[in-house]
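Asks: here's my sequence, what's the structure:
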Amino acid sequence: MIASGSVDDHVDEILHRLGCRVTQPRREVARLLASKRGAFSAESINEELPGVGRATVYRTIRLLAEAGVLCKALLPDGSPRYSIDHSWHHHHLICSSCETVEEFRSAELERLLCELGAEIPGRVLGHQVDFYVNCPDCLQDEGADEARSTADNGG
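Replies: Sure, this is the predicted structure:
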């Protein structure tokens, strides 16, 4: 895990550790990722870097996710979203409607997960919890749509 904004600073070290060549296109990908706030798709990064090959963008994102620099969350349709993996442990709230991904932290959830981990035979190496939700903005939009529908139907 690497602090936000420092992916670009450490990309050479990370790529060397993974046994990869350090190239200018990979540095460009890392520089753009370091500037991101919130979740993003590999495709959105590819679109922002027209001078970098699609395979390089996707491969660099995959390598950085495997190295623990990026955090990966899956949307309900299975497509991934990534974010800079900050040093704090978190889970995700994933909106099933607009596909936004938010970080979620809960001391109570962590306590429960530790208790469950103690009951599991063997050694727990990690866990991931993603909550699939309808976010407040989408719920508000749904409420407005329902109100319009009721008014249109004379209700």
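
Asks: drop to CA atoms for contacts and neighbour counts, all remaining ones
Replies: Fine.

Asks: tell me where this protein has strands.
Replies: Secondary structure of the chain (DSSP state E): strands at 70-74, 80-84, 91-95, 101-104, 130-133.

Asks: rebuild those as JSON lines, extending it with distance to Arg123, mean pLDDT and mean neighbour count.
Replies: JSON lines is the format used below for the strands of the chain (distance: least, CA to CA, whole Å; pLDDT from 0 to 100; neighbours: other CA atoms under 10 Å):
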{"stretch": "strand 70-74", "distance to Arg123": "22", "mean pLDDT": "85", "mean neighbour count": "21"}
{"stretch": "strand 80-84", "distance to Arg123": "27", "mean pLDDT": "89", "mean neighbour count": "22"}
{"stretch": "strand 91-95", "distance to Arg123": "21", "mean pLDDT": "88", "mean neighbour count": "21"}
{"stretch": "strand 101-104", "distance to Arg123": "25", "mean pLDDT": "84", "mean neighbour count": "18"}
{"stretch": "strand 130-133", "distance to Arg123": "22", "mean pLDDT": "92", "mean neighbour count": "16"}
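
Asks: who's in contact with Ala73?
Replies: 80-82, 92, 101, 130 (CA atoms under 8 Å, 6 or more residues apart in numbering).

Asks: let me see the domain layout of the chain.
Replies: 1-87, 91-155 (automatic domain parsing).

Asks: grab the most central residue of the chain for me.
Replies: Residue closest to the average C-alpha location in the chain (CA atoms, centre = their mean): Tyr82, at 3.0 Å.

Asks: show me what contacts the closest residue to that one other than its chain neighbours?
Replies: Once flanking residues are discounted, Tyr82 sits nearest to Lys72: 4.6 Å by CA to CA, 6 or more residues apart in numbering. Lys72 sits next to 65, 80-83 when contact means CA under 8 Å, 6+ apart.
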